[in-house]
Each structure stands twice: as structure tokens, then as C-alpha cells.
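Colleague: coordinates only, sequence not included:
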């Protein structure tokens, strides 16, 4: 019994030391990057300000999910009206498909943020496009609540949905930042 506790404590200490070494290595890497930047721009004394990431509340997560769902619905309706790629038996089927697509994407984004948050930070959020692309593939392979007339056009439609939604979200975030900083960026 006592040996198992000692082994667990040793493992905890090893993990703690590994984490500290990773942090030191990343700090050293940041210091080297700052030095090279200082040399390139001819500026000395640059400092790093660490700002903790804000915790997401249940309310903000829910609002983001609802906004994504609404954007998906409007974009699906608009683009499908133009391309006539898929058809639904009723409006509820279209709503359920948008909810299906948004749900897959939300689950994949949450998994990515929980298990691979370091990668998200290292790529400055660019990796967050992968859940959307995977959800496009899943929603295309398993089209529930609708019938697809032309698969190639449907894939193009989904890519347009992704691009338009990303642009709209970026625009909304830009507006919120401008509002927060009083119109100055």
C-alpha cells in the first residue's frame, strides 16, 4: 500500500518537473525570439506582458452556439436557394440539419480546446478551422434530414458556408473590439 503511494507521488513529481522544464524551454524560446526581433527592428528593452485568457461562462458558450446555429441556418437557406443543391421535406428538417452541423462543430471545437489548448495558442487560433472542416465532411458523408441532388455542388456550398460564416464572425468580433476600445484599434 505504501509503495503505491510512493510511486504515485514520484509520478506526480516527474510530471511536475517535466511541466516546469517545458515552461522554461518555452520561456527561453520566447526570449530568443524577442532578442532576434530586437535585432531586426533595432529596438531594445522589449517586454512580454502575460494576460490570462478569460474563462468562458456557460452563458457565453450558449450565446456563441446559438449565434453559430442562426448563422448556419441563414447561410444554408440563402446559398441553397441560389444553388438548389439539396432539398428538405419541411422547414423543420432544414433546422434540424443546421442544428446537426452546428452540434458536430461545437463538440469538435470543445474537444480541441480542452485537449489541445496549447496547439490552439501556438497556432494563434488557426487550428480552430479544422473542426469546421471536419464537420463539413461528416455532415456531407452522413446527410441527415435532407436529400442531396449534386454532391460536388453540396461540398462547394458547405465550403461557402464556412467562408461566409467565418467572415461574418470576424466582422462581429471586429465590431465588438472597436466598441470595447472606443473605436480605436
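Modeller: Ah, there it is. Given the structure is predicted, the values throughout are model-derived calculations rather than measurements.
Colleague: Can you classify residue 89 as helix, strand or coil?
Modeller: On the three-state scheme (DSSP: H, G, I helix; E, B strand; the rest coil), residue 89 is labelled coil.
Colleague: now it: how far from residue 146?
Modeller: 8 Å (C-beta to C-beta, to the nearest Å). The C-beta positions use only the backbone N, C-alpha and C, and glycine is treated the same way.
Colleague: quick one: which of these two has more around it?
Modeller: When residue 89 and residue 146 are compared for neighbours, residue 146 comes out ahead with 20 against 10, by other C-beta atoms under 10 Å.
Colleague: Next up, the contacts around the more buried one.
Modeller: Counting by C-beta atoms under 8 Å, 6 or more residues apart in numbering, residue 146 makes contact with 86-88, 93-94, 97.
Colleague: Now do it against residue 103, distance only.
Modeller: 15 Å.
Colleague: returning to what we had before: compile the contacts of residue 146 into a markdown table and extend it with columns for distance to residue 75, pLDDT and neighbour count.
Modeller: A markdown table is the format used below for the contacts of residue 146 (distance: C-beta to C-beta, whole Å; pLDDT from 0 to 100; neighbours: other C-beta atoms under 10 Å):
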| residue | distance to residue 75 | pLDDT | neighbour count |
| --- | --- | --- | --- |
| 86 | 13 | 79 | 22 |
| 87 | 17 | 78 | 12 |
| 88 | 15 | 79 | 16 |
| 93 | 17 | 84 | 16 |
| 94 | 12 | 81 | 19 |
| 97 | 12 | 83 | 20 |
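Colleague: among the residues you listed, which two are most distant?
Modeller: Spatially, the most separated pair among those is 87 and 97, at 11.1 Å (C-beta to C-beta).
Colleague: What confidence value was assigned to the spatially most central residue of the chain?
Modeller: In the chain, the residue lying closest to the centroid (C-alpha atoms, centre = their mean) is residue 128, at 3.1 Å. The model reports residue 128 with a pLDDT of 85.
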